[in-house]
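1. attaching a predicted model along with its sequence, questions to come.
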Amino acid sequence: MPEARVPAVAFDHVTKRFGTAKPILESLSVSIQPGEFVSIVGPSGCGKSTLLRLVSGLSPTTSGTVEVEGMTPKSAREITSFIFQDPTLLPWRTVRRNVALGLELEHTARERRDEIVSNLLTLVGLDHVADSYPRQLSGGMKMRASIARALASNPRILLLDEPFAALDEITRDRMNEELIRLYQQQSWTVLFVTHSVAEAVFLSTRILVLAPHPGRLAHDIPIDLPYPRTAETRASESFDQLVAHVSRTLREVHTV
Ligand SMILES: Nc1ncnc2c1ncn2[C@@H]1O[C@H](COP(=O)(O)OP(=O)(O)OP(=O)(O)O)[C@@H](O)[C@H]1O
C-alpha cells in the first residue's frame, strides 16, 4: 500500500470569527499537498488574508484545526515564511543586511551568514545592489529583497499575500516569471493570495476560489498548464481558456 503523505497544510472544518461578529470563514476543509502552488482568489473581504494568517500561526482558529506538516501552525513557524505586499525593509540597513536580519537574530555564524545571503542575492538577481539602501531601489527590487529575506530561513512553505499588487504590469509579469523559476528549482509549497486571475493561472498548480459572507470554498480548480511556464505561456490558448474559466467562477461567487 502506498504510504499516506502528510499534507503540507490541512484545514479541517475551520471557522474564524472576530469577537461576536458573523464568521469570516466557516467550516473550511481543504488539504494542500507538498509541492503544490495554490492561489487563493475571491471577492474582497472573503477571508483570504485571514486564511494565510491562520497557517502562519499569527492568528488562532475559532473552531476546527489547521495543521502544517502535521503540526500546529505555531510549532511549524520555522518552516513557513510570510511575504507581504509591503516589503517592510529596514531603511537604515543595506539590502545585504536586510536579507541577513533573520540570520543575525538566530546567531548564525558570520561566515555561514555571508554565504547564505550572497547566494540568495544571486538567486533573486540583486548582487549589484547588495550595498544599496531600500530607498535607492525600485518597487520590484524591494520585493526581490523581501523575498530573499523570507528565503533566508530556508522555509518549506511560502505564504504570499498579494506580493506584486503594487508593481506595474511589466514588472509584475517579470516577478511572476522569476517566482515560478524559483519554485521550479526549490521544493516549496506555496499559498498565494491575489486579485489577478491571470497571475493566479500563470503561477499555480491549483486555484481555490472563495465565496464571501461567510468565506468558504466555492471552487477548487486544477491548473494543468505545462512547465516551464514562460512569457509564451501567457500567449497560449489553454492559458486564455483557464483565465476565462476562473473569471466565470469568480463572477458567480460575486453574485451570491
Ligand atoms: N483583526 C481583525 N479584527 C476584526 N475583523 C477583522 C480582523 N482581521 C480581518 N477582519 C475582517 O475579516 C474580513 C476578512 O478580511 P481579510 O483581510 O481576510 O479579507 P481578504 O479576502 O483578504 O480581503 P482583501 O481582498 O480586500 O484583501 C474583513 O471583513 C475584515 O474587516
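-> Perfect, I can see it now.

2. CA atoms for contacts and neighbours, from now on please.
-> Noted.

3. just the element for the residue in the stretch 101-250 of the chain that the ligand sits nearest to, please.
-> Closest to the ligand within the stretch 101-250 of the chain is H195: 6.9 Å, counting by CA to the nearest ligand atom. Assigned by DSSP states H and E, H195 belongs to neither a helix nor a strand.

4. and it, what is it in contact with?
-> 41-42, 162 (CA atoms under 8 Å, 6 or more residues apart in numbering).

5. who wins for neighbours among the residues you listed?
-> G42 (27 neighbours; other CA atoms under 10 Å).

6. show me the contacts for that residue.
-> Contacts for G42 (CA under 8 Å, 6+ apart) come out as 48, 195, 209-212, 250, 253.

7. repeat the analysis, applying 6 Å as the threshold.
-> Shown in contact with G42 (CA atoms under 6 Å, 6 or more residues apart in numbering): 209-210.

8. adding pLDDT and secondary structure, write the contacts of H195 out as CSV.
-> Converted to CSV, the contacts of H195 look like this (pLDDT from 0 to 100; DSSP: H, G, I helix; E, B strand; the rest coil):
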residue, pLDDT, secondary structure
V41, 97, strand
G42, 96, coil
E162, 92, coil
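
9. distance to the ligand added to those residues, as a markdown table?
-> Shown next, in a markdown table, are the contacts of H195 (distance: CA to the nearest ligand atom, whole Å):
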| residue | distance to the ligand |
| --- | --- |
| V41 | 8 |
| G42 | 6 |
| E162 | 8 |
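
10. now for V66: which residues touch it?
-> Counted by CA under 6 Å, 6+ apart, V66 has contacts 10-11.

11. excluding chain neighbours, what is closest to P91?
-> Nearest non-adjacent residue to P91, counting by CA to CA, 6 or more residues apart in numbering: P134, 5.7 Å away.

12. gap between the helix or strand where R97 lies and the chain center?
-> Per DSSP H and E, R97 falls inside helix 95-105. A distance of 21 Å separates the centroid of the chain from that of helix 95-105, by CA atoms, centre = their mean, to the nearest Å.

13. okay, the angle between the next helix or strand after that helix and helix 95-105?
-> Next helix or strand after helix 95-105 toward the C-terminus (DSSP H and E): helix 110-123. Interaxial angle, helix 110-123 versus helix 95-105 (axes from the mean of the first three to the mean of the last three CA atoms, to 10 degrees): 140 degrees.

14. identify the residues contacting the helix or strand following helix 110-123?
-> Downstream of helix 110-123, the first helix or strand assigned by DSSP H and E is helix 139-151. Outside helix 139-151, the residues that touch it by CA under 6 Å, 6+ apart are 81, 87, 99, 120, 124.

15. any chance of CSV for these, columns pLDDT and neighbour count?
-> Below are those laid out as CSV (pLDDT from 0 to 100; neighbours: other CA atoms under 10 Å):
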residue, pLDDT, neighbour count
S81, 92, 21
P87, 75, 20
V99, 93, 28
L120, 89, 24
V124, 84, 19
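
16. want to try JSON lines for those, with distance to T108 as columns?
-> Putting those into JSON lines (distance: CA to CA, whole Å) gives the following:
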{"residue": "S81", "distance to T108": "18"}
{"residue": "P87", "distance to T108": "23"}
{"residue": "V99", "distance to T108": "13"}
{"residue": "L120", "distance to T108": "15"}
{"residue": "V124", "distance to T108": "21"}
